[in-house]
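Asker: turn this into a structure:
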Amino acid sequence: MSGLKIVALIPVIISAFRAISVEYRAWRKQREDCRNKGKNLALQKCLDGNWETVQNAYDEDLRLLGPVFQRDDGIGRESLMQHLIILQSSVVSGGF
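Answerer: As a prediction, the model looks like this:
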C-alpha cells in the first residue's frame, strides 16, 4: 500500500472512531439512566411499603418517651430546616 493511500485512510479512520465514540457514549448514558430509573423505582417502592412501619416505630417511641421525644423531634426538624435553607442559598448563589 502506498503512502498516499495510507494518508487518505487516516481521516476515514478518525471519522469512524468519532462516530463510534458518539454512539458508545449515548448508549452508555442510556444504560446509566435506565439503571438509575430502576434504582429510583426500587427505592420508592421500598419507601412506599415501609411508611407504615416507620410511622408505627415513631408512634411507639412517642408513646414510650412522651414529650421529651416529641420536643427533641421538633429540635431535629428545626435543625434540618436551617441546613436546608443554607443549602438552598448556596445553590442559588452558585456556591455549590
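
Asker: domain ranges for this structure?
Answerer: Split into domains by automatic domain parsing, the chain comes to 1-65, 66-96.

Asker: spatially central residue in the protein, please.
Answerer: For the chain, N36 is the residue whose C-alpha lies nearest the centre (CA atoms, centre = their mean; 7.4 Å).

Asker: the helix or strand where it lies - contacts with which helices or strands?
Answerer: Here N36 is covered by helix 3-65, with elements defined by DSSP states H and E. Contacts defined by 3 or more CB pairs under 8 Å, 6 or more residues apart in numbering; DSSP states H and E place helix 3-65 against helix 67-93. Bear in mind the C-beta positions are built from the backbone N, C-alpha and C, glycine included.

Asker: check which helices and strands the helix it packs on is in contact with.
Answerer: The contact analysis (3+ CB pairs under 8 Å, 6+ apart) places helix 67-93 against helix 3-65.

Asker: could you tell me the angle between the helix it packs on and helix 67-93?
Answerer: On the basis of axes from the mean of the first three to the mean of the last three CA atoms, to 10 degrees, helix 3-65 is oriented at 150 degrees to helix 67-93.
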